[in-house]
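Undergrad: Give me a 3D structure for the following:
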Amino acid sequence: MKKLFYSLYALFFNISRIFPVKKNRAAFVAPHNGGNNDSLSVMRRHFESKGGYDIVSISTQDLKLDFSGISSIIKSCLKAAGFFTYKAYLLATSEYVFLNDNFMPMASLNFSEKAVVTQLWHAEGAFKKFGLSAPVTDDVREREKKCSEKLTYIVCSSKAVVPFYAEAFGVEEEKLLPLGSARIDSLLAPTDTVSLRREFDKAHPECADKSLVLYAPTFRDSPEKDAALADKIDAAAFNREFPDKRLLIKLHPQIHSAVIPDGATDVTDCDIGMLTLICESVITDYSSVCMDFALLSKPCIFYAFDLDEYEHERSFYFDYESGVPGPVAKDFPSLVEAIKNPRENEEKLRLFREFHFDFVDCNNAERIYNAVISASSL
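TA: Numbers count the residues shown, from 1 in each chain. Next up is the predicted model:
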């Protein structure tokens, strides 16, 4: 079925190529739902602030059908039809194209030579292996390679990770732009964290007057394993050990089977940027959420109870235990001790931050904008 959809999209796109590329039309394609503060959204707002651009937003969320009523069904069907037709035309006639993930129909799209196609990606640095570096089927591998062939540029956060991104996308290093991640502009910008915390506490009064510790595990490609993730931390024991702290749990969007235990606060629907700003530390496993906390020099604690199994299935770009920016705990008692001493690995945190981020400022979107605009031939 997916291949049929890819072919249908490519058909309308390639037919639309009979129309000329429209100067200053900029399309922002979101195969990955990164929210309102991911790099794609930040770059879209940056283009809007410049003025003079015809902004096009394309999201695979348009393909979700709403069966709540006849009117909703009709509207969602029309939106899906527009995704394959009118939105395909807009993409085919865009001078600038930005993405935050692999858009699989791209393997069969014939972009104009005048189009500048930039992959922003949805994460920083190089942590666990992704793209062509990770295990994928032959069919997916071939399609991802063809998608990468259409790219003009791929943005990454430092020169040090350029080889890893080149491998993951199957491209020459010349296509990489180590100019920083646009999404960190808002993360590093001056922010009224007092007001953010006040609003958060209104929604979650159980958190008032307590330091916040975020638990944000990644998914495991197994409903049974995903379901057990929230139970890997004993919330009752956490509260006994740390009466001055509140445990927040944010599940990955691909985790649908886990239940938040009593004694912890469910923040799955909260913006990760906001949580990064108001939480004192993060507990994670193999999630790139550690990048944000490391960027802000906040303690990162790694709860890797299934490390051997995960490394066998996915693997990393570096030795996990020595490379992560914080202590590694493999059972709950060890995790408790790590929480008690969150600043024990300051040197690891500093080295990790320097390796993955060349720019720690609020000018990332502007650097990317200037590089992409200068590449246009229109």
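
Undergrad: mind listing the helices for the stretch 101-250 of the chain?
TA: Ranges of helices within the stretch 101-250 of the chain are 138-149, 162-169, 184-188, 193-203, 223-229, 235-241, based on DSSP state H, counting those that start in this stretch.

Undergrad: Is residue 98 in a helix, a strand, or coil?
TA: Assigned by DSSP: H, G, I helix; E, B strand; the rest coil, the conformation of residue 98 is strand.

Undergrad: Please determine how far it is located from residue 203.
TA: 32 Å (C-beta to C-beta, to the nearest Å). All C-beta spots, glycine's among them, are computed from the backbone N, C-alpha and C.

Undergrad: more crowded one of the two?
TA: Per other C-beta atoms under 10 Å, whichever of residue 98 and residue 203 has more neighbours is residue 98, with 25 against 10.

Undergrad: is it true that that one touches residue 31?
TA: No - with contact defined as C-beta atoms under 8 Å, residue 98 does not count as touching residue 31 (11.6 Å).

Undergrad: picking that back up, wait, which of the helices of the stretch 101-250 of the chain is closest to residue 334?
TA: Residue 334 lies closest, by C-beta to C-beta, to one member of the helices of the stretch 101-250 of the chain: helix 235-241, at 12.8 Å.

Undergrad: Can you list the neighbours in contact with that closest one?
TA: For helix 235-241, the external contacting residues (C-beta atoms under 8 Å, 6 or more residues apart in numbering) are 245, 247, 261-264, 332, 336, 339.

Undergrad: let's go with 7 Å and repeat that
TA: 247, 261-264, 336 (C-beta atoms under 7 Å, 6 or more residues apart in numbering).

Undergrad: Quick one: which of these has the lowest pLDDT value?
TA: Least confident entry in the contacts of helix 235-241, by pLDDT: residue 261, with 87.

Undergrad: Are we agreed that it is in a strand?
TA: No - counting by three-state DSSP, residue 261 is not part of a strand but coil.

Undergrad: from memory it sits against residue 230, does it?
TA: Yes - using C-beta atoms under 7 Å, residue 261 is in contact with residue 230, at 6.0 Å.

Undergrad: Which one's more surrounded, these two?
TA: For residue 261 versus residue 230, neighbours defined as other C-beta under 10 Å are more numerous around residue 230 (21 against 17).

Undergrad: Please look at the more buried one and residue 255 and confirm they touch.
TA: No - between residue 230 and residue 255 there is no contact under C-beta under 7 Å: 8.5 Å.

Undergrad: Pick out the residue nearest the middle of this structure.
TA: Closest residue to the average C-alpha location of the chain: residue 122 at 3.3 Å, with C-alpha atoms, centre = their mean.
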